[in-house]
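Trainee: next come a sequence and a model predicted from it.
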Amino acid sequence: MLNVILTLAVLDAAIFARLVRAETISLRRGGIVESAIAAGNPDWRVMWLHVFPNVRQGMIAQMSVRAAWAVRVSATLAFLGIGVQPPTPEWGLMIRQGGEYMLTGQWWVGLYPGLALLLMVLGLNFVGDGLQDMLDPRRRAHDD
């Protein structure tokens, strides 16, 4: 379990680093940072009061989308037998075990964990879209 978590964290770290870097460069080229520096604010104040709150919005919206991705990858690894191992409960493992019961006509054993996985990933993606719409001032300006 720890290996799966560490692998997913390492894979996602690069995505969040690129997101933060892109937002920071965008803010630096904008007037917010230049105005704050011209007003005499020290670098740490510009960073914590002007850059970080604007970067945080994109990170919060991205977290739920990446969480959905992590759930899906974890379930896929467990389904293939290289992720979480029994007796740890995991949806991918339950779907795999349910596939064995389909031959005997018990299709529901794999169906319900599959539906739970689908609803979880879909729900996390909807939460991410909603957060992005709510937190991104550029999108909010276009909706008005």
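Mentor: Sure, I can see it.
Trainee: quick one: classify the residue most central in space within the chain as helix, strand or coil.
Mentor: Nearest to the mean C-alpha position of the chain, by CA atoms, centre = their mean, lies residue 66 at 1.9 Å. Look at residue 66: counting by DSSP: H, G, I helix; E, B strand; the rest coil, its state is helix.
Trainee: count of neighbours near the closest residue in space to it that isn't next to it in sequence?
Mentor: Leaving aside its chain neighbours, residue 66 sits nearest to residue 12 (5.3 Å; criterion: CB to CB, 6 or more residues apart in numbering). Placement of C-beta: from N, CA and C, glycine included. Neighbourhood size, residue 12 [other CB atoms under 10 Å]: 16.
Trainee: can you check residue 114 too?
Mentor: Neighbourhood size, residue 114 [other CB under 10 Å]: 17.
Trainee: go on, residue 35?
Mentor: 12.
Trainee: how far away is it from residue 51?
Mentor: In this view, residue 35 and residue 51 are 12 Å apart by CB to CB, to the nearest Å.
Trainee: distance of residue 19 relative to residue 43?
Mentor: For residue 19, the distance to residue 43 equals 22 Å [CB to CB].
Trainee: and these two? Which one has more around it.
Mentor: Using other CB under 10 Å as the criterion, residue 19 and residue 43 rank with residue 19 on top: 16 against 11.
Trainee: my guess is that one contacts residue 62. True?
Mentor: Yes - using CB atoms under 8 Å, residue 19 is in contact with residue 62, at 5.9 Å.
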